[in-house]
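>>> this is a predicted model, with the sequence first.
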Amino acid sequence: MRIHVTDIIDGDQLSGDVFNDYGLHVLSKGTKLYKSEISRLLQHHIDFVDIMERSQPSSEEEPSIAGRTLESTVNPKWLPKVQPIYENAVKSFEKFFSAALETGKVDDAEVTNVLQPLLNNLQLERDVVSMLLLLNTQDDYTYQHSVQVGMLSYYLATWLGYSNNEAAKIGKAGFLHDIGKCRIEDAILNKPGKLTPEEYEEVKRHTEYGHEIILRSFEDSSLALGALQHHERVDGTGYPGKLSGDEIHPISKIIAVVDIYSAMISARVYQKERDLLYVLRELHRLSFKELDPVTTHTFIKHMIPNFIGKHVQLSNGDIGVIVMTHPTEFFRPLIQISEAFIDLTVERDYEITHVYM
């Protein structure tokens, strides 16, 4: 039975192996199809698959039609719905920021009401790289960064195997991780030049300020640890407590990774945004010393497939398209240039210098 991928029902089973247009194996015969498998098919630009005959559902059961949720991966039809929710979260964080400064607290119910609709819509969209670029606004960096870290913390938690409820809590911790910056003067936060040693020490205190605000606002102390420890590093070089290894809470290890990613892809008064692949390379480098390696490599492993189909420039000036990524050599994918293919795991003289989004 041959069907379009947008007509797949959760649990449909492939009746044969699936290959992409370049002859590369994508999925094996017998694979049951759910969101992750369907996303993989779409990333490889596969429109039709052959499935085994379906068993007839009972009259009381209504099958879950995965296709309704997949159009967003092919064509961002989700954007008109999600963008207002995202922009509301950014504007609402500004209000939480002001409330925390004035009262020393934020309202748990209000935070949930703002954040949960965004997280609910994130469950269906897996091209995180493109999504953040499409949702990016010109709002104040601090507010937008907090929303992005909340979103990415949620994603990374699900990739690490946390339940949806746990991932939502971790997303909330990410959303609030910088709330302590409400007590830092704008002149210091937005200073275009280098901070003085005194100014830097004051900026570092945002972790302790945030910890205090969240403890006063929420019953779950792990949310406050996300604010306190997200600048700690597994080698003991972070702040404020110079914690190392397992002294750092797992939630804080998650926020540490996505905090760096969001900060590096954003343009700020003192920094230009970096190339997206460069940022992932930098995270990979940090995973051997400062960041938790399992957490960091899980993030990279799930972000890299989003680059399939993206145009890239190689170190020799050629422009090509990523057609397949490597499971361990994250930054050396298979590139198509016209009719030719370059496997960067074999052709070691080539490097990707830029990704075109």
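Okay, I see it.

>>> how far away is L14 from G30?
Per CB to CB, to the nearest Å, L14 is found 6 Å from G30. (Each C-beta comes from the backbone N, C-alpha and C, glycine too.)

>>> got it, and E282?
If you go by CB to CB, the gap between E282 and G30 works out to 40 Å.

>>> same question for Y356.
Separation of Y356 from G30 (CB to CB) stands at 37 Å.

>>> between E282 and G30, who's got more neighbours?
Neighbours per residue, other CB atoms under 10 Å: of E282 and G30, the larger number sits with E282, 14 against 11.

>>> so in the chain, where's the weakest helix or strand by average pLDDT?
Lowest by mean pLDDT, DSSP states H and E among the helices and strands of the chain is helix 67-74, with a mean of 33.

>>> tell me which helix or strand the closest residue to P117 other than its chain neighbours sits in.
Distances taken as CB to CB, 6 or more residues apart in numbering place I85 nearest to P117, at 5.1 Å, with adjacent residues excluded. Using DSSP states H and E, I85 maps to helix 79-103.

>>> other residues contacting the very next helix or strand once past that helix?
Next helix or strand after helix 79-103 toward the C-terminus (DSSP H and E): helix 108-122. Applying CB atoms under 8 Å, 6 or more residues apart in numbering, the contact partners of helix 108-122 are 78, 81-82, 85-86, 88-89, 92-93, 96, 147, 150-151, 154-155, 167-168, 171-172, 175-176, 217-218.

>>> can you pull up the bridge partners for I51?
In this entry, I51 is beta-bridged to L14, by DSSP bridges.

>>> quick one: residues contacting it.
Applying CB under 8 Å, 6+ apart, we find I51 in contact with 1-3, 8, 12-15, 33.

>>> let me have those residues in TSV, extended by distance to E199, pLDDT and neighbour count.
Output for the contacts of I51, formatted as TSV (distance: CB to CB, whole Å; pLDDT from 0 to 100; neighbours: other CB atoms under 10 Å):
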residue	distance to E199	pLDDT	neighbour count
M1	66	83	10
R2	64	83	8
I3	60	83	15
I8	55	83	21
D12	58	88	23
Q13	60	91	13
L14	59	91	20
S15	64	91	14
L33	54	88	21
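
>>> where do the strands sit along the stretch 201-350 of the chain?
With DSSP state E, counting those that start in this stretch as the criterion, the stretch 201-350 of the chain has strands at 311-314, 319-324, 334-337, 340-343.

>>> give me the buried positions along the third one.
For strand 334-337, the buried set under the neighbour-count rule, 16 or more other CB atoms under 10 Å, comprises 334-335.
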